[in-house]
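No sequence on hand, only this structure:
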């Protein structure tokens, strides 16, 4: 007669204490600092709202704009339109030139929205595609069409919240 082996033996206990489910894939790359070009454009980490306020008051380098445009999946011409500035005016600035307070605030608002969108949608590529897609919840307009105003960005953040919670939108 075969002796039954105990359900948990000392040898197996260590193996069973490790969860064998796949680890969730968190998109850690999409931090505000990375979206804005990383350490070469943003000197210090952005850890809280006080850092964002200080950065808004100081101004953000023009060099952050190509990185933000890439995360949004748009051209620099489109981004300059969202900033209510001519493309030529943006082009004229050197990479180390600081944007004024209003443009800096808009850039930070767009970067925060991109960070949230990437978290909810899942990847930079899918988020950029979502921005270009007409949505029934927006009267078949693209989310990109609403990024030029703070109220539009607030509306899109609410839409992302509904998507995150599985509410049909």
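Noted; the coordinates are in hand. Since this is a predicted model, take the numbers as computed values, not measurements.

per-residue pLDDT, the most centrally placed residue in the chain?
By Cα atoms, centre = their mean, the chain has its centre lying nearest to residue 115, at 1.5 Å. In this model, residue 115 is scored at 95, pLDDT.

hang on, it packs against residue 32?
Yes: look at residue 115 against residue 32 with Cβ atoms under 8 Å: they come within range, at 5.7 Å. Heads up, the C-betas are built off the backbone N, CA and C, glycines and all.

Tell me who's in contact with residue 131.
By Cβ atoms under 8 Å, 6 or more residues apart in numbering, the contact list for residue 131 reads 72-74, 117, 142-144, 147.

Then residue 110?
With Cβ under 8 Å, 6+ apart, residue 110 has these contacts: 68, 72, 82, 147, 153.

between the residues you listed, which is closest to residue 124?
Set against residue 124, the nearest of the contacts of residue 110 by Cβ to Cβ is residue 72 (9.3 Å).

nearest spatial neighbour of that closest one, skipping sequence neighbours?
Closest residue to residue 72 apart from its sequence neighbours, by Cβ to Cβ, 6 or more residues apart in numbering: residue 114 at 5.8 Å.

Quick check: next helix or strand after the top helix by length along the chain?
Using DSSP state H, we find that the single longest helix of the chain is helix 101-121. Remark: after helix 101-121, the chain's next helix or strand is helix 124-131, criterion DSSP states H and E.

if we can go back for a sec, could you measure from the residue nearest to residue 72 over to residue 32?
Distance from residue 114 to residue 32, counting by Cβ to Cβ, to the nearest Å: 9 Å.
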